[in-house]
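Q: Give me the fold of what follows.
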Amino acid sequence: MMCDKESPKKPIVNNNKKKKKTKRGGAKRKMTVEQTAAYKAVSEWVFLDRSNTCSSNSMSFVDAFLDDFGVQWYQPKEKLVFEFHCHTTCSDGFLSPTKLVERAHQNGVNVLALTDHDTMSGIPEAVAAARRFGIKIIPGVEISTIFYSRGDSGEEEPVHILAYYSNCGSTKPAALDKFLGDIRDGRFLRAKNIVSKLNKLKLPIRWESVAKIAGKGVAPGRLHIARAMLEAGHVENLKQAFTRYLYDGGPAYSTGSEPVAEDTVQLIRETGGVAVLAHPWALKNHAAVIRRLKDAGLHGLEAYRSDGKLSVYSDLADAHSLLKLGGSDYHGRGGQHESDVGSTSVPVLAVHEFLKVARPIWRQAIRNILENYIIDPSNSNLQHIIRFGRTKTNSPLSAATLGSADELINQCLSSWLSKEERENAEFETIKAELSQVIVIRRQLEAHVEST
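A: You can find the predicted model right below:
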């Protein structure tokens, strides 16, 4: 009788019931009150274009429902996907900014921070492409630096720091451009030194091959050299090039003219950016690096990867009161070992904390940039305001086509600052002063044309 009761049929029926119950419950993704508040705040920023054209009452990002016990839960209406770390052909990626944005769209990405190595040249193209899909672009850059250990050893270690800016970019564009340009110049020298070392190791590589792979005007990196090694038949794959020759301290490794890590963090802060330590798990002495960079003003560190949260770095972030972020570090090289763009799940609570720190910094930076144009209404300062901004028809703004100060602020910043932020007393004053500047510029241009 016991055997009859334990026949296979009964467990199968029970399993089906369990599956049905799980499916019914799993259809709703429950959020706590704290998660719901964070989700609403993040969604409002992500979809500012949408919320700026709708009344606040008509915008609802979550649904409320009661479970079987009468407890109220909340469910997001739309899944939010963030990508805070990725690369294009403007540095060592394989996809153009347009192709990267298209892939991000295919993967459901809502917000994408483009963080090419030591350059922001791909951002205008990414912004233009992103407008077609409603993706918000955070202008970013991954800066190559050197960290020097204190004491007798004097050891140095390469450290990469991510910088995130508003859609008006840096408050000191000339200073930041020169800073990044010097690093790129050093990357050329570094790449030539690596090629020279490889030739001495009986692995001949032609500099022309590396330069061609990198592309016109792109500072070559180790990945470009690895691709040249693969083409020359010296390695079986890109990973082998790094594990055998190009890894930090490897037989063909070389440094460039990277700035000091602490100085870089301070520069990011001074130019209106948010500084986040990239891939701390790749560091030899991550505890010392994090401690010293925190003292220099670091805002956060990467603690999330496509394979989940790394508890060690999450705990270190908590211990130093740092933000926790993460991204795929997508390069588009393909292969089963590369994380796809948008594949890193950063909790909405972590994104909310990031925006709580970043948005005031960006808002102040935007204000400073606009005020600088009022003081010096030159074309270069105007281009600084609109360098990453586009009109709704996707055509660049110019001094001649500006209708008013409202248009300048609304067209460039409506997806970045809320209606309340743009209409507060500070920005109202700025708009009034901008209106005077624009009128004067029009009069001068009309006078020049008539003479």
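Q: which stretches of the stretch 251-400 of the chain have low pLDDT?
A: Applying pLDDT under 70 to the stretch 251-400 of the chain flags the ranges 389-400.
Q: just the helices in it please.
A: With DSSP state H, counting those that start in this stretch, the ranges of helices along the stretch 251-400 of the chain come out as 261-270, 286-296, 311-319, 348-375, 379-386.
Q: so who does His160 touch?
A: Glu142, Ile143, Ser144, Thr145, Leu277, Ala278, His279 (CB atoms under 8 Å, 6 or more residues apart in numbering). The C-beta positions use only the backbone N, C-alpha and C, and glycine is treated the same way.
Q: From those, pick the one nearest Gly297.
A: Leu277 (11.8 Å; CB to CB).
Q: The residue nearest to the closest one when sequence neighbours are not counted pairs with what?
A: Distances taken as CB to CB, 6 or more residues apart in numbering place Leu301 nearest to Leu277, at 4.0 Å, with adjacent residues excluded. For Leu301, the beta-bridge partners are Leu277, Lys324 (DSSP bridges).
Q: Let me know whether Leu301 touches Ala282 as I believe.
A: No - using CB atoms under 8 Å, Leu301 is not in contact with Ala282, being 11.9 Å away.
Q: out of these two, which sits in the busier spot?
A: Leu301 (28 against 13; other CB atoms under 10 Å).
Q: Starting from Ala287, give me the distance back to that one.
A: Distance from Leu301 to Ala287, counting by CB to CB, to the nearest Å: 12 Å.
Q: what touches both of these two?
A: Contact criterion CB under 8 Å, 6+ apart; residues shared by Leu301 and Ala287: Leu316.
Q: Any buried residues in stretch 262-282, and which?
A: For stretch 262-282, burial by neighbour count (16 or more other CB atoms under 10 Å) applies to 262, 264-265, 267-269, 271-280.
Q: circling back: could you dump the contacts of His160 into CSV with distance to Arg184 added?
A: Listed next are the contacts of His160 as CSV, based on distance: CB to CB, whole Å:
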residue, distance to Arg184
Glu142, 13
Ile143, 11
Ser144, 9
Thr145, 14
Leu277, 21
Ala278, 18
His279, 21
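Q: and which of these is nearest to Leu310?
A: Nearest to Leu310 among these: His279, at 10.0 Å, using CB to CB.
Q: mind listing what's buried in stretch 432-441?
A: Those would be Glu433, Leu434, Val437, Ile438, Arg441, for stretch 432-441 by 16+ other CB under 10 Å.
Q: So for this protein, the centremost residue is which one?
A: Nearest to the mean C-alpha position of the chain, by CA atoms, centre = their mean, lies Ala113 at 2.5 Å.
Q: In contact with that one: list those residues for me.
A: Contacts of Ala113 (CB under 8 Å, 6+ apart): Glu83, Phe84, His85, Cys86, Ile137, Ile138, Pro139, Gly140, Leu162, Tyr164, Gly327.
Q: list the contacts for the second one?
A: Meaning Phe84. Ala113, Thr115, Ile138, Gly140, Leu162, Tyr164, Val276, Leu325, Gly326, Gly327, Thr344, Val346.
Q: Please apply the same query to the fourth one.
A: If a contact means CB under 8 Å, 6+ apart, then Cys86 has 93, 100, 104, 112-115, 327-331, 341 as its contacts.
Q: 10 Å instead?
A: By CB atoms under 10 Å, 6 or more residues apart in numbering, the contact list for Cys86 reads 93, 95, 100-101, 103-104, 109, 112-116, 126, 140, 142, 327-332, 339-342.
Q: That one and Leu298, how far apart?
A: 21 Å.
Q: Ok, the third one next?
A: Distance from His85 to Leu298, counting by CB to CB: 16 Å.
Q: If we go by neighbour counts, what in the longest strand seen in the chain is buried?
A: Counting residues, the longest strand found in the chain (DSSP state E) is strand 136-148. Across strand 136-148, burial judged by 16+ other CB under 10 Å covers Lys136, Ile137, Ile138, Pro139, Gly140, Val141, Glu142, Ile143, Ser144, Thr145, Ile146, Phe147.
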